[in-house]
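> Can you look at this prediction? I've put the sequence above it.
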Amino acid sequence: MADNLPPPSAVAKLVQNTTISKLRLYGADSATLQAFANTGIGLLVGISNDQIPSLNQLAVAQNWVKNNIVPFIPATDIIGISVGNEVLFSGDRVLISQLLPALQNLHAALVDVSLDQQIKVSTPHSMAILSTSAPPSAGRFSESFDMKALLDFLQKIGAPFMINPYPYFAYKSDPTDRTLAYALFEPNQGSYDTNTGLKYTNMFDAQVDAVYSAMKYLGYTDIDIVVAETGWPSAGDPSETGASLQNAIAYNGNLIKHVTSMTGTPMMPNRSIEIYIFGLFNEDLKPGPTSERNFGLFKTDLTMAYDVGLLRSQSAGPSPAAPRAGGPVAAPPIGKAWCIAKPGVDEKSLKGNLDYACGQGIDCRPIQQGGPCYLPNTMASHAAYAMNAYYQSAGRKSLNCDFAQTGTLTSKDPSYGGCVYSTVNA
C-alpha cells in the first residue's frame with residue numbers, strides 16, 4: 001500500500017538488474033503483467049481475499065483466467081496463482097469454506113485453456129495454522145481446519161503448500177540475544193530436536209520443518225513447500241524490538257545465502273526451497289506500526305534500501321549518503337586514523353550515514369542492543385561507529401570518510417570501555 005511506487009516498466013527493469021528470478025504479485029494488474037513480458041521473470045499472480053466468494057462460481061473463475069492470464073501468455077512467464085492470503089487465520093468461517101472451491105474452480109479454468117501444467121494454484125498460510133511447532137518433528141496442524149481436503153487437492157494437481165514464516169515476529173515475542181542470533185542465521189548454540197536428534201541452527205529451518213512434519217503426520221510427504229512471504233523490517237517504533245537496518249541486512253542476506261547454498265533443512269537436506277522475500281518496496285500508506293511500512297528491499301526511487309547482494313550491478317546508483325567523489329575531506333593523519341562525524345552534524349544526516357554504512361555489509365552488530373558499543377544509545381555514537389567501520393573496510397581512503405562532507409578523520413582513538421573502533425596503520 002503506497003502512493004509513490006514507480007511505474008511497472010521501471011520495476012521490471014529494476015528486477016532484471018537483480019538476481020531475482022521470480023516475483024509474487026498481490027494482484028493481476030494488466031500493466032504490470034505486460035511490463036514483465038519477455039523478461040524471463042516468473043510471476044506468481046495474486047487474488048485478494050475479497051475475490052474468493054465470487055470465484056466459487058466456475059464461470060467467474062473461467063472469466064478471471066480468460067481476462068487476467070490468457071492474454072499475457074506466453075510472453076509473460078506466469079508460474080502460479082496465489083489465492084488469498086492467510087485465509088484460514090482470518091477467523092471468517094464463511095470465507096474459509098469458500099477457499100477450496102475457489103481453488104478448484106481456478107484449476108478447472110486453467111485446464112480448460114491447457115495451462116494447468118504451467119500454472120499451479122495454491123494459497124499462503126500463516127504459521128498460526130500449526131497447533132504445535134516445537135520441536136519441529138512435533139509440528140501439527142490445528143484441528144480447527146480441514147487440512148486433509150486441501151492437501152489432497154494440492155497433491156492431486158501437483159501444486160505446492162505455501163507458508164509465510166516470519167522469525168521476526170517470533171523474536172519480537174521473545175526478545176533475547178540467543179533468540180536474535182537464532183532468528184538471524186548468526187552463530188548460536190542451536191537447538192536439538194529430541195525426537196530426531198537433528199540440530200537446528202536457525203529459526204527459519206525449524207519453522208519450515210514444523211510444517212513438513214505436520215504434512216507428514218497426515219500422510220503427505222510429496223508436496224513441495226513454498227515460502228510465499230518472509231522478511232525483516234529495517235525500521236520500527238521504539239517499542240518494536242529487533243526492527244532495525246542491521247537486523248534486516250543480517251536476516252535477508254543470510255537467508256539468501258542459506259537458500260542458494262542448497263543445503264535444505266535438517267528434515268529436507270539438499271533440497272531447494274522456493275522463497276519470496278517481502279517486499280520489493282517500502283509501503284508508505286500501510287497502516288499499523290512503523291515496521292509494517294519498512295519491509296522493502298528497495299526504496300521507491302529504485303535505490304537499495306540496503307544491500308544484500310541482489311543487484312547484478314550498481315547501476316541503480318549509490319545511496320545519497322555515499323561518499324562523494326571530489327568532495328573535500330580532511331587530510332588523513334599520519335599513522336592510525338579513525339573516521340567520525342564532524343561536530344554539529346544533524347541527526348538526519350547521521351542516520352543517513354548509519355544506514356548507508358551498515359547497508360554496505362559491514363558488521364554493525366556491536367551497536368545493536370546487547371552489543372559492546374550499543375551504549376550510549378544515541379544516533380551520534382552509533383553513526384560514528386558505523387562510519388569508521390565502513391572507512392576501515394573500504395580501503396581507508398580519505399574519500400571513504402566524506403559522507404557528503406559530514407565525516408572527518410582523527411588520530412585520536414574514539415574507543416571506550418569494551419567498545420573498540422577498529423583501525424590499521426594508514
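Received the coordinates, thanks.
> Please count neighbours and contacts with C-alpha atoms only from this point.
Will do.
> Skipping adjacent residues, who's closest to residue 203 in space?
In this structure, residue 203 finds its nearest non-sequential neighbour in residue 183, 5.1 Å apart by C-alpha to C-alpha, 6 or more residues apart in numbering.
> now swap in residue 233 and tell me
residue 295 (4.3 Å).
> neighbours of the one you found, just the number please.
25 (other C-alpha atoms under 10 Å).
> Could you do residue 94 as well?
The burial count for residue 94: 9, using other C-alpha under 10 Å.
> what mean pLDDT does the host helix or strand of it have?
Per DSSP states H and E: residue 94 is located in helix 93-112. What helix 93-112 shows for mean pLDDT is 97.
> So which elements touch that helix?
helix 58-68, strand 120-122 (3 or more C-alpha pairs under 8 Å, 6 or more residues apart in numbering; DSSP states H and E).
> that older thread, how about the residue nearest to residue 203, what does it touch?
167, 168, 171, 202, 203, 204, 251 (C-alpha atoms under 8 Å, 6 or more residues apart in numbering).
> so where's the protein uncertain?
Within the chain, the stretches with pLDDT under 70 are 1-2, 313-335, 424-426.
> Next, the contact list for the most centrally placed residue in it, please.
Taking C-alpha atoms, centre = their mean, the centroid of the chain lies closest to residue 231, which sits 2.9 Å from it. Neighbouring residues of residue 231 by C-alpha under 8 Å, 6+ apart: 166, 168, 248, 251, 252, 277, 278, 279, 295.
> The last one against residue 236, yeah?
No - between residue 295 and residue 236 there is no contact, the gap being 9.8 Å when judged by C-alpha atoms under 8 Å.
> from memory residue 142 sits against residue 130, does it?
Yes - the criterion here is C-alpha under 8 Å, and residue 142 meets it with residue 130 at 5.2 Å.
> Looking at those two, which is more packed in?
residue 130 (19 against 14).
> which residues sit in contact with the more buried one?
For residue 130, the contact set (C-alpha under 8 Å, 6+ apart) comprises 139, 140, 141, 142, 211, 214.
> Just read off the phi/psi values of the second one.
In terms of degrees, to the nearest 10, the main-chain angles of residue 140 are phi -140, psi 140.
> same deal with the third one?
For residue 141, the backbone dihedrals (degrees, to the nearest 10) come out as phi -80, psi 150.
> what's the neighbour count on it?
24.
> For the residue lying closest to residue 418 once chain neighbours are set aside, give me its contacts.
The spatial neighbour of residue 418 that comes closest, neighbours along the chain excluded (C-alpha to C-alpha, 6+ apart), is residue 372 at 5.7 Å. Contacts for residue 372 (C-alpha under 8 Å, 6+ apart) come out as 366, 418, 419.
> what about residue 229, which SS state?
strand (DSSP: H, G, I helix; E, B strand; the rest coil).
> Check the gap between the spatially closest residue to it that is not a sequence neighbour and residue 197 for me.
Distances taken as C-alpha to C-alpha, 6+ apart place residue 164 nearest to residue 229, at 4.6 Å, with adjacent residues excluded. Residue 164 is 26 Å from residue 197, where distance means C-alpha to C-alpha, to the nearest Å.
> Residue 391 too?
Look at residue 391 and residue 197: by C-alpha to C-alpha, they are 45 Å apart.
> How about residue 190?
12 Å.
> out of the two, which sits in the busier spot?
Using other C-alpha under 10 Å as the criterion, residue 190 and residue 197 rank with residue 190 on top: 15 against 11.
> what comes into contact with stretch 339-354?
Under C-alpha under 8 Å, 6+ apart, the answer for stretch 339-354 is 320-322, 379-380, 382-388, 391, 401, 403, 406-410.
> Narrow those to those in helices?
379, 380, 382, 383, 384, 385, 386, 387, 388, 391 (DSSP state H).
> Dump those residues into TSV; add neighbour count and distance to residue 105 as well.
Formatted as TSV, the ones in helices among the contacts of stretch 339-354 follow (neighbours: other C-alpha atoms under 10 Å; distance: C-alpha to C-alpha, whole Å):
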residue	neighbour count	distance to residue 105
379	16	55
380	21	58
382	22	55
383	25	55
384	22	58
385	28	57
386	27	54
387	28	56
388	27	59
391	27	58
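> before we move on, back to that, narrow the contacts of residue 183 to those in helices?
With DSSP H as the criterion, helices contain 167, 168, 171, 203, 204, 251 from among those.
> For this protein, which segments count as strands?
Chain-ordered strands for the chain, with DSSP state E as the definition, fall at 22-24, 42-47, 78-83, 120-122, 124-126, 130-132, 140-141, 161-164, 191-192, 199-200, 225-230, 274-277, 338-341, 407-410.
> Point out the most buried one among those strands.
The highest average neighbour count among those, using mean count of other C-alpha atoms under 10 Å, belongs to strand 338-341 at a mean of 27.
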